[in-house]
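Enquirer: Provided below are the primary sequence and the corresponding predicted coordinates.
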Amino acid sequence: MSRVPVVLVLLSVLAFGQSRQQSGRPLSPLPPARKSALNKATLEAYVRHLFIWGPNVKVEVAEPKPSRRLPGFFEVTVRASAGPAQQEELFYVSRDGSKIIKALVFDVNQHPFQEEMSKLSTQFDPAFGDPDAPVTLVLFSDFQCGYCKEEAQALRKSLPAAFPKEVRVFYKDFPLESIHPWAKTASIAGRCIFRQRPASFWEFHDWIYEHQAEITPDNIRNKVMEFVRSRSHQLDALQIQRCLDTRATEADVDRCMAEGKALQVNSTPTLFVNGRRLVGQLPWAQLKQIIEYEIGYYKADHEKSENCCEVKIPSPVRD
């Protein structure tokens, strides 16, 4: 007797469901449990799926902080690493945590690449070109990189001829140690030479790229000293040798590498032309056109500033 009410209840439920479907109002699924990207585990699982980062990739999710660039959102930085390779992504998360945005945010009241330019310090780096040039080119490079060699030769030969007064170039060391075993030693040597005689750095820069194929991890120090002794009238070989032995300029190289990582540089060559990021070795014609555009932007802004902002009574006589 006790089973009858249970059966009746189940039949009633089924009949109710069928009547709703027949009336054109199908049953709605239950709402899923809410997830929030402000929860670190939730966001990590989501970005692992997004980028196909497997268990061999270490993922670190930073604490969310209110965004100044995108009011009403939080900023969350996600860092991924696998051995020497690193990648950093910035996400904007809605206040309820339900939406994430991966985007570049621009302020029309600022230069488009103001944020990148603010992170590029060039005070202690080798440079060539006019100090008053309207275009600044910052190059992150690696002395053992084949593409860097091609980029360097184009810059050194073509740039001064095409833009003798318009471009200033700064060199940043970014040796990729995991794949280029002698690159950092070469960077340390370059900085030793730069400390002693800044003008000789560019001779070393050109020389080491020309002899790139001859250099190995075993002979890099001898090759550097070969270059130094060939310029004994300019460089003190004993001081350079001591600098190499003590790795006295390694901190200078590490500073450049840290700066590059803060800018999410992960390959060489990487150029910043007035803050505009250009990754990889570019054909000279393409780079030349970009520089010409930058010069044009500068001239247009300069003309506006000269013509603004003055209201005067018309007169044939100028004060």
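Expert: Looks like it came in fine.
Enquirer: low pLDDT regions in the stretch 101-250 of the chain?
Expert: Scanning the stretch 101-250 of the chain for pLDDT under 70 picks out nothing.
Enquirer: need the strands for it, in chain order.
Expert: 127-129, 135-141, 167-173 (DSSP state E, counting those that start in this stretch).
Enquirer: can you list the ones you listed in a markdown table and add distance to Arg68?
Expert: Just so you know, the C-beta spots here come from the backbone N, C-alpha and C atoms, and that holds for glycine as well. A markdown table is the format used below for the strands of the stretch 101-250 of the chain (distance: least, C-beta to C-beta, whole Å):
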| stretch | distance to Arg68 |
| --- | --- |
| strand 127-129 | 32 |
| strand 135-141 | 25 |
| strand 167-173 | 27 |
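Enquirer: out of those, which comes closest to Ala300?
Expert: Checking those against Ala300 by C-beta to C-beta gives strand 135-141 as the closest, at 13.8 Å.
Enquirer: quick one: the closest one to strand 167-173, angle?
Expert: On the basis of axes from the mean of the first three to the mean of the last three C-alpha atoms, to 10 degrees, strand 135-141 is oriented at 20 degrees to strand 167-173.
Enquirer: and strand 135-141, which strands flank it?
Expert: Strand pairing for strand 135-141, using DSSP bridges, gives strand 167-173 (parallel), strand 270-273 (antiparallel).
Enquirer: returning to that earlier point: could the strands of the stretch 101-250 of the chain go into CSV alongside mean neighbour count and distance to Gln289?
Expert: Output for these, formatted as CSV (neighbours: other C-beta atoms under 10 Å; distance: least, C-beta to C-beta, whole Å):
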stretch, mean neighbour count, distance to Gln289
strand 127-129, 18, 18
strand 135-141, 23, 13
strand 167-173, 23, 13
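Enquirer: Please identify which of those is closest to Trp53.
Expert: Among those, the nearest to Trp53 by C-beta to C-beta is strand 135-141 (24.9 Å).
Enquirer: Report the distance from that closest one to the chain centre.
Expert: Remark: strand 135-141 is offset 12 Å from the chain centroid, using C-alpha atoms, centre = their mean, to the nearest Å.
Enquirer: what's in contact with it?
Expert: Contact with strand 135-141 is made by 120, 122, 148, 151-152, 155, 159, 163, 166-174, 256, 260, 265, 268-274, 291, 294-295, 298, as judged by C-beta atoms under 8 Å, 6 or more residues apart in numbering.
Enquirer: The same query, at a cut-off of 7 Å, please.
Expert: Strand 135-141 is contacted by residues 120, 122, 148, 152, 166-172, 174, 260, 265, 268-274, 291, 294-295 when judged by C-beta atoms under 7 Å, 6 or more residues apart in numbering.
Enquirer: looking at the strands of the stretch 101-250 of the chain, which is closest to Gly72?
Expert: Closest of the strands of the stretch 101-250 of the chain to Gly72 is strand 135-141, at 33.5 Å (criterion: C-beta to C-beta).
Enquirer: Going by neighbour count, list what's buried in the longest helix belonging to the chain.
Expert: In terms of residue count, the longest helix belonging to the chain (DSSP state H) is helix 284-307. When burial is assessed from 16 or more other C-beta atoms under 10 Å, helix 284-307 yields the following buried residues: Trp284, Leu287, Lys288, Ile290, Ile291, Glu294, Ile295.
Enquirer: Stretch 105-113 too?
Expert: Across stretch 105-113, burial judged by 16+ other C-beta under 10 Å covers His111, Phe113.
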